[in-house]
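Participant: how would this look folded up:
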Amino acid sequence: MQRTKSLFNKKIKCQHCGSFFKRKTERRKVKYVCSSYDNKGECIRVPIEEEFLTELIRKRLNQDVTRELVEDHVDVIVVEGINPYLLEIHLHNQDSILFSRDGIRF
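Facilitator: Okay, here's the model as predicted:
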């Protein structure tokens, strides 16, 4: 059986250590966590729910979020912290989506 790539494979990057996030299922929710933290315990745990990311992207692009859409429109998602969430979704040829303590910028 061939495994399919996760929706955000090689797209979510940890601001702290530079590692990519990996997909995990916890309590029936798909989340992404820093692979350096998860594999070696060498970073901080900042879980990001896939549903949260897809909703931000869906609202911005006004389209259902698929792997192809992510490949075509998302350069990288940089995650800085969890309390509060600090992340930036860099999109091809568009202003980024910024989610910070000051609110959200679409």
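Participant: Number of residues surrounding the nearest residue to Val65 once chain neighbours are set aside?
Facilitator: Spatially, and ignoring its direct neighbours in sequence, Val65 is nearest to Thr54 (4.2 Å; C-beta to C-beta, 6 or more residues apart in numbering). From N, CA and C alone the C-beta is placed, and that goes for glycine too. Burial of Thr54 is recorded as 18 neighbouring residues (other C-beta atoms under 10 Å).
Participant: Kindly report the same for Ile77.
Facilitator: Neighbours of Ile77 under the rule other C-beta under 10 Å: 25.
Participant: Let me see the contact set for it.
Facilitator: Contacts for Ile77 (C-beta atoms under 8 Å, 6 or more residues apart in numbering) come out as 8, 11-13, 48, 53, 87-90.
Participant: now Asp64: how far from Ser100?
Facilitator: Per C-beta to C-beta, to the nearest Å, Asp64 is found 26 Å from Ser100.
Participant: Neighbour count for the two, which is higher?
Facilitator: Ser100 (14 against 9).
Participant: Tell me how far that one lies from Ile82.
Facilitator: Distance from Ser100 to Ile82, by C-beta to C-beta: 12 Å.
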